[in-house]
Each structure stands twice: as C-alpha cells, then as structure tokens.
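> just need the structure, nothing else, for what follows:
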Amino acid sequence: TFDGRTLWFSAYNDTRIYQVDPETGTVIRAFAIVGVEHRDMAFDGRCLWLVRGSIPDIVQVDPATGTIIRGIASPIASPRGLTWDGRKLWLVEWDTPRIHQVDPETGTIIVSFVAPSLEPRGLTWDGRCLWHSASDTGLIYQIEVS
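Below is the predicted model of the structure:
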C-alpha cells in the first residue's frame, strides 16, 4: 500500500511489514506483526490496516512504532484483498467470491456484492472506483460503487 510518501508491503510466510522508498527501492525499516499470512494491507491516512488470514482478523497498526492499536474479527472466513475508501474498509472474500464494505469500528458488513471473478485477490481504491485483481483470469477489474 502507499502512504503518500512510501510503499508498505509484506511477503508470503513472513511476519514482517516493510516500508520502502519508492524512488530507490531501499527498505527504510521493517517490523514484525504477530501472526502469519498477512494477506493485504491498506493505509487510512494515519494508520495501516492489515488483514490476516490465519486468525482471521483485521488489525490497525501504528506505522511509526509497528504496534497493533486494535483488532477486529474479520466478518468473513477467507479474507484476501483489503483497501480503504476514505471512510470504510473493503475486503475481498476469496472462497465465495464476494467483495464487502466493512465498518472499521465494528467489523460489520455494510455492503456486499459478487466479485467479477471466481478467484478474487487484490483490492485497491483510486478515490472513485475499486480495482480488483483476479488469479483465475489474470485480469484487473474496475468496479464502480455508489
């Protein structure tokens, strides 16, 4: 995910979160977050949000310290993609396949719809639309939401 200045990412089977300078590719720092399988992350303008598949839950993380601020139980069993639209979180559910808008305070699903592919994975928000990647088709889908 992008915080407006740097990139943040995690690697498969690695508990660390990395902050990277997008100009140089240099790792600025890394910190460990308890739990494996960080499936995706988002930035809300202040904090990182991580979706973890092995637990499954969604955690809010202070990017300055790497400390978990709080966690909410995932409202779905197989979370994959995660993004922030400026007010709410969006989650990809891999096994149904669906995309859900989630209240970050309660973890409650607000809106839910069928994904345009059978194996949804990544998810991001461009300020107007959701963008969703799919492993079955190899395509990226633009989704208008109201």
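> from residue 7, how far off is the residue of the chain positioned farthest from its centre?
Farthest-out residue of the chain from its mean C-alpha position, per C-alpha atoms, centre = their mean: residue 24, at 24.0 Å. For residue 24, the distance to residue 7 equals 11 Å [C-beta to C-beta, to the nearest Å]. No exception for glycine: its C-beta is placed from N, CA and C like everyone else's.
> quick one: residue 132 and residue 144 touch, right?
No: judged on C-beta atoms under 8 Å, residue 132 makes no contact with residue 144 at a distance of 11.8 Å.
> look at the residue nearest the centre of the chain and report its pLDDT.
The centroid of the chain falls nearest to residue 82 when counting by C-alpha atoms, centre = their mean (2.5 Å). Among the per-residue scores, residue 82 holds a pLDDT of 95.
> give me the distance between the residue farthest from the centre of the chain and residue 42.
24 Å.
> before we move on, what about residue 98?
Counting by C-beta to C-beta, the gap from residue 98 to residue 42 is 18 Å.
> quick one: which of the two has more around it?
Ranked by neighbour count (other C-beta atoms under 10 Å), residue 98 and residue 42 place residue 42 first, with 25 against 17.
> need the contact list for the residue nearest to the centre of the chain.
Listed by C-beta atoms under 8 Å, 6 or more residues apart in numbering, the contact partners of residue 82 are 39-42, 49-51, 58, 89-92, 123.
> is it possible to export those to a markdown table including distance to residue 31 and pLDDT?
Formatted as a markdown table, the contacts of residue 82 follow (distance: C-beta to C-beta, whole Å; pLDDT from 0 to 100):
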| residue | distance to residue 31 | pLDDT |
| --- | --- | --- |
| 39 | 18 | 85 |
| 40 | 17 | 90 |
| 41 | 13 | 93 |
| 42 | 17 | 97 |
| 49 | 15 | 96 |
| 50 | 12 | 93 |
| 51 | 17 | 90 |
| 58 | 18 | 93 |
| 89 | 22 | 97 |
| 90 | 25 | 97 |
| 91 | 23 | 96 |
| 92 | 25 | 94 |
| 123 | 24 | 95 |
